[in-house]
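Colleague: Build me a model from this:
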Amino acid sequence: MSGKRDLFIGGQWTAAKNKATFPVFNPSTGEVWTQVADASRSDAAAAIAAAAEAQPKWAALPHSERARLLWKVADVLTARAKELQEALIDEGGAWVGKTMFETGYSAGVYRAAASAAYQVTGEILPSDHGKLSLVVREPLGVVSVISPWNFPLILSSRGFAVALAVGNTVVLKPSEETPVSGGLLIAEVLEEAGIPQGVFNVVTCSRDNVAAVGDELISNPAVRGISFTGSTAIGSQVAAKAGGLLKKCCVELGGKDALIVLDDADIEHAVNAATFGSFMHQGQICMSVERVIVHKDVAAEFTEKFVANTKKLKVGNPREMANCIGPIINQKQLDKIRDQVDDAVAKGAKVLCGGKHRGLFFEPTVLTNVTRDMKIMREETFGPVAPVITVGSVDEAVEIANDSEYGLSAGIITRNEERGLAIARRLNTGMAHINDSSVNDEPHVPFGGVRWSGLGRHGGRAGIDQFTETRWITLERGGRHYPPPFLMNPGH
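Modeller: Residues are numbered from 1 along each chain as shown. From the prediction side, this is the model:
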């Protein structure tokens, strides 16, 4: 396919210093899709140096000019949407419908970031001494961004768009599974939009070099902020290292999200929310519904209709609009899903539908008779498996929903909005949605979780706070008096 496959450093397309490349596979076919530059630690350091050199000039641009350029990025992305969609299908195994959503949403990420450039506000504080006392927000400097494979275009863009808007420069390392749609094509879009050289840089690397490149992106002294989206296991290490270096860090991690279906729920609406939330993109979303908690009074009706709706989902070539269930990203991830299902069945769970796979295509699966000692109830699945748990009360539903190390998102289905809001306040999650799936996002909202689901927030004003530093600046106007022993002329 067409397009650049080199690193993008300082506005130039360049091979890795050692000329190494690595293969990127199409998960639908198992075939090598392309070869991409395999960066080393020295390549990452070069990208950081380029970003550091470009940052003062970028920050000095009028906010309106940074906003104009980001709006232009959205326009270029929209014009190249078909090309990006093709890459998302071939590289990430994404259903064509998902890619159409992803390109459209990503354009909105840049437009929202453009508006953020106008919202970097400060304060004027009162002063005991009559000073002009200012609180201002200024960019951190260089921000490194490490992004995942599941929504590569959206999550790379969200990781850095606001950071750019407020005057930072960026080095992006996309996932080794999706380096093109999550990085190199984005660099092409920003280059075409006229983002100045060095402001945005991309380093791609294989799994073999991730540890060294990632360490450089965190520990290099020129990097003052880190944006990470990915697994809890890696994200906790990133946050710990960044914290030890006293660097700002925003980590958006995994989830074990619950959808609570109450006894007064609209069952058709609940089934639709559960089907979408559990199986969109094969369940490979941090916000996916991974536990469906249903009140006993509606459990039989809900489960019957949920299984029937799940059986309608077609598995196959994601280029075909009818096939909304595509492949799992790789064999390692499929093995993890299969292990969780096998563990659940061995401990007494019942498979109501699905449970099988062909190659990397795993059937959408519904389980019942699940218990909390099963892996499927404790570990993040990141696959098309929905355990259904029956409860007898709201308190029990809340207790089970909160019985997790994670705390990203949740959904609550009820006809009583006041009841839904009260339950939402009791859930230990960063986000909660009444009468909707747990899968929700908008470019300007404070997106993020609590506990093992993350630290910090992306998006909107929260993103501005995340990627700027607060400073206090005063202008003395003669009202402050020093003690006499310190004065040249004590009597004056």
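Colleague: Who are the contact partners of Val73?
Modeller: Listed by Cβ atoms under 8 Å, 6 or more residues apart in numbering, the contact set of Val73 reads Tyr110, Val189, Leu190, Ala193, Ile195. Just so you know, the C-beta spots here come from the backbone N, C-alpha and C atoms, and that holds for glycine as well.
Colleague: Look at it and report its pLDDT.
Modeller: Val73 is assigned 98 on the pLDDT scale.
Colleague: count of residues packed around the closest residue to Leu134 other than its chain neighbours?
Modeller: Leaving aside its chain neighbours, Leu134 sits nearest to Ile473 (4.6 Å; criterion: Cβ to Cβ, 6 or more residues apart in numbering). Neighbour count for Ile473, taken as other Cβ atoms under 10 Å: 12.
Colleague: what's the distance between Ile473 and Glu123?
Modeller: Distance check for Ile473 against Glu123: by Cβ to Cβ, to the nearest Å, it reads 11 Å.
Colleague: Now the common contact residues for those two.
Modeller: Counting by Cβ under 8 Å, 6+ apart, the common neighbours of Ile473 and Glu123 are Leu134, Val135.
Colleague: With distance to Gln35, neighbour count and secondary structure as extra columns, can I get the contacts of Val73 in TSV?
Modeller: Converted to TSV, the contacts of Val73 look like this (distance: Cβ to Cβ, whole Å; neighbours: other Cβ atoms under 10 Å; DSSP: H, G, I helix; E, B strand; the rest coil):
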residue	distance to Gln35	neighbour count	secondary structure
Tyr110	29	29	helix
Val189	21	27	helix
Leu190	22	29	helix
Ala193	26	19	helix
Ile195	26	23	coil
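Colleague: from those residues, which single one is nearest Gly359?
Modeller: Val189 (32.2 Å; Cβ to Cβ).
Colleague: Might you report the residue contacts of the closest one?
Modeller: Val189 makes contact with Val73, Val76, Leu77, Arg80, according to Cβ under 8 Å, 6+ apart.
Colleague: Which of those residues fall within strands?
Modeller: Within the contacts of Val189, no residue falls in strands by DSSP state E.
Colleague: Now, of those, which are buried?
Modeller: The neighbour-count test (16 or more other Cβ atoms under 10 Å) marks Val73, Val76, Leu77 as buried among those.
Colleague: Output these as a markdown table; include the columns distance to Gly225.
Modeller: A markdown table is the format used below for these (distance: Cβ to Cβ, whole Å):
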| residue | distance to Gly225 |
| --- | --- |
| Val73 | 20 |
| Val76 | 26 |
| Leu77 | 24 |
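Colleague: ok, those vs Gly243, which is closest?
Modeller: Gly243 lies nearest to Val73 out of the buried ones among the contacts of Val189, by Cβ to Cβ, at 31.5 Å.
Colleague: From the buried ones among the contacts of Val189, which land in helices?
Modeller: Here DSSP state H is the test, and the buried ones among the contacts of Val189 give Val73, Val76, Leu77 as lying in helices.
Colleague: thinking the second one is in contact with Ile195, fair?
Modeller: It stands for Val76. No: using Cβ atoms under 8 Å, Val76 is not in contact with Ile195; the gap is 10.1 Å.
Colleague: shared neighbours of these two, which are they?
Modeller: Common contact partners of Val76 and Ile195 (Cβ under 8 Å, 6+ apart): none.
Colleague: Where does pLDDT dip in the chain?
Modeller: 1-3, 491-492 (pLDDT under 70).
Colleague: quick one, domains of it?
Modeller: Domain assignment for the chain, taken from automatic domain parsing, gives 7-253+449-474, 257-434.
Colleague: ok, which stretches of the stretch 251-400 of the chain are helices?
Modeller: Remark: helices assigned in the stretch 251-400 of the chain by DSSP state H, counting those that start in this stretch are 267-279, 296-311, 331-346, 375-378, 394-402.
Colleague: List the contacts of the last one.
Modeller: To tie it back to what came earlier, the one meant is helix 394-402. Helix 394-402 is contacted from outside by 258, 260, 262, 291, 293, 295, 372, 389, 391, 410, 419, 423, 426-428, using Cβ under 8 Å, 6+ apart.
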